[in-house]
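K.L.:
I would like to see how this sequence folds:
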Amino acid sequence: MTTAVLALQRRTFASLRGHRNYRLFFLGQAFSVAGSWMQNIALAWLVIELTHSAFAVGALAFCRFLPFTVLGLVAGVVTDRVDIRKLVAWTQAAQMAISAVLAVLALTGRASLPAVFVLAVLGGTALVFDAPGRQALTFQLVGPAELPNAVALNASLFNASRVLGPALGGLVIATAGVGVCFLLNAVSFLAVLAALLAMDTHALHPVERDLGRSVVGGIRDGLRHVARSRDTLLVLIVITVLSLVGFNFHVIVPLLAEDTLHVGPETFGLLSAAFGLGALVGALASAALGRPSWKAFYGGALGFSLVMLLLAPLAQVAPVAALLFLAGLFFAVLGANANTIVQLRAPDTLRGRVLGLYLFAFAGLTPLGGLLAGSLVEVGGTQLSLAVAGLAGLAATALALRLREPA
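P.N.:
The predicted structure follows:
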């Protein structure tokens, strides 16, 4: 192995090599996130089996992400005020319990659409506090110098699981049913809970807490910071628009599989895995870069939007899978750089709130976006939904490029 390759490998996995607590967290997540992706596609497929309705799949997305809309800003304030490791442990335990209930309902044949929607809301409520907590915990695990690398490695893990989880989930659904997917996901949370308990709390990077403001005042402080930070504001503009119209693959891919390509759960899982494989490549490239890049951020946004336009007219599995790979690559590059830019521009006392705002932009509009995607598919098929996503993404990226002052 050449010196250059070894140096690239060291840069890519620097956070894992240098921080025991981060290694524990990473390994625990490796099991849990793969299970979560199995559950994601199992939920979508369960709704399709129950209703055969594109709008119902969009409504599932609405239920899953509604808590981000209602509680996203509050979650950021909470993250700035509590022991983050304990917060993540509680939210992971709550998600494990919800998965166990889903497994029981599905395996006993008692699953119904109202029950699925209620559990989706409860799962989203746990996730809305878990997401900024995990992001802020990453900062404490590695510190500011290696945060870009750790954020990209988190993304690589997330997207490797996006490859394995859907592919395995599709096979499990086809052979054993959706209930087994839910059961496997429930068991997977034990790994991350064990990792959190095994951490050395004295090795965590110290951060300053903000304990003196009301929730409303805390939210106001976070909004004021974003309004004064041009870089953060421009990132949020692009992410908000793409979240509303473009990040709806939990709706689009199952509908592409059933309505446009007319394939079953195995191919649905493979299409989801193609997106995840591309995202894994993009995340590892971002990890090797080791620092946030505006060129990578804008390139990811433009590339993702163009791929949406190219996907719109296609109705064959192979080219759709190839373009989903590219969509995943650009999505990961965009997300890793956006996440790092907003974290590094936030002070310790506001990092949770800035992450809450970022995740609100990333997921808080997903309920509306899911309904919008489902409605557009009802009117004009997946072709219309993908075309709208591509055009809106290009417009938002062009606006951000125009507004940003030279660095």
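
K.L.:
Looking at stretch 388-402 now, give me its mean pLDDT.
P.N.:
Averaging pLDDT along stretch 388-402 yields 89.

K.L.:
Kindly report the same for stretch 217-237.
P.N.:
81.

K.L.:
Can you tell me the SS state at residue 335?
P.N.:
helix (DSSP: H, G, I helix; E, B strand; the rest coil).

K.L.:
From what I see, it and residue 152 are in contact.
P.N.:
No - the pair residue 335 / residue 152 is not scored as a contact, 9.5 Å apart, by CB atoms under 8 Å. No exception for glycine: its C-beta is placed from N, CA and C like everyone else's.

K.L.:
Name the residues that touch the strand or helix carrying residue 190?
P.N.:
Using DSSP states H and E, residue 190 falls within helix 178-198. Helix 178-198 has contacts (CB atoms under 8 Å, 6 or more residues apart in numbering) with 24-25, 27-32, 34-36, 38-39, 41-43, 45-46, 49, 85, 88-89, 92-93, 95-97, 99-100, 102-103, 105-107, 169, 172-173.

K.L.:
Please identify the buried residues of it?
P.N.:
Across helix 178-198, burial judged by 16 or more other CB atoms under 10 Å covers 178-186, 188-189, 191-193, 195-196.

K.L.:
Likewise for stretch 13-31?
P.N.:
13-16, 18-19, 21-22, 24-26, 28-31.

K.L.:
what do you get for stretch 82-93?
P.N.:
Buried, per 16+ other CB under 10 Å, within stretch 82-93: 82, 84-85, 87-92.

K.L.:
Same question for stretch 302-319.
P.N.:
302-309, 311-312, 314, 317.

K.L.:
tilt between the helix or strand hosting residue 87 and helix 178-198?
P.N.:
Residue 87 belongs to helix 84-107 when elements are defined using DSSP H and E. Angle of helix 84-107 versus helix 178-198, following axes from the mean of the first three to the mean of the last three CA atoms, to 10 degrees, is 160 degrees.

K.L.:
closest to residue 349 among the buried residues of stretch 302-319?
P.N.:
The nearest member of the buried residues of stretch 302-319 to residue 349, counting by CB to CB, is residue 304 at 32.8 Å.

K.L.:
Could I get the pLDDT score of that closest one?
P.N.:
94.

K.L.:
Residue 270 and residue 326: what is the separation?
P.N.:
Using CB to CB, to the nearest Å, one gets 16 Å for the distance from residue 270 to residue 326.

K.L.:
and if you look at residue 314?
P.N.:
12 Å.

K.L.:
for residue 305, same thing?
P.N.:
For residue 305, the distance to residue 326 - CB to CB - is 12 Å.

K.L.:
Out of the buried residues of stretch 302-319, list just those in strands.
P.N.:
Counting by DSSP state E, none of the members of the buried residues of stretch 302-319 fall within strands.

K.L.:
Residue 263: which of those residues is nearest?
P.N.:
Using CB to CB, the buried residues of stretch 302-319 come closest to residue 263 at residue 317, 6.6 Å.

K.L.:
so how far is residue 257 from the closest one?
P.N.:
Taking CB to CB, one finds residue 317 at 9 Å from residue 257.

K.L.:
do residue 168 as well
P.N.:
When residue 168 is compared with residue 257 (using CB to CB), they lie 16 Å apart.

K.L.:
Of those two, which one has the most company?
P.N.:
residue 257 (28 against 20; other CB atoms under 10 Å).

K.L.:
ok, now how distant is the more buried one from residue 287?
P.N.:
Taken as CB to CB, the span from residue 257 to residue 287 is 31 Å.

K.L.:
Can you show me the helices along the stretch 301-407 of the chain?
P.N.:
317-344, 351-359, 366-403 (DSSP state H, counting those that start in this stretch).

K.L.:
Repeat that for the stretch 101-250 of the chain.
P.N.:
113-142, 147-176, 178-198, 215-228, 230-245, 249-255.

K.L.:
I'd like the ones you listed as CSV, with distance to residue 359 appended.
P.N.:
Output for the helices of the stretch 101-250 of the chain, formatted as CSV (distance: least, CB to CB, whole Å):
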stretch, distance to residue 359
helix 113-142, 5
helix 147-176, 13
helix 178-198, 19
helix 215-228, 12
helix 230-245, 9
helix 249-255, 16
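
K.L.:
Figure out which of the ones you listed is closest to residue 381.
P.N.:
helix 249-255 (8.6 Å).

K.L.:
Give me the buried positions along the helix or strand following the closest one.
P.N.:
Next helix or strand after helix 249-255 toward the C-terminus (DSSP H and E): helix 265-289. Neighbour counts over helix 265-289 (16+ other CB under 10 Å) mark 265, 267-289 as buried.

K.L.:
quick revisit: with respect to residue 389, which of the helices of the stretch 101-250 of the chain lies nearest?
P.N.:
helix 230-245 (4.5 Å).
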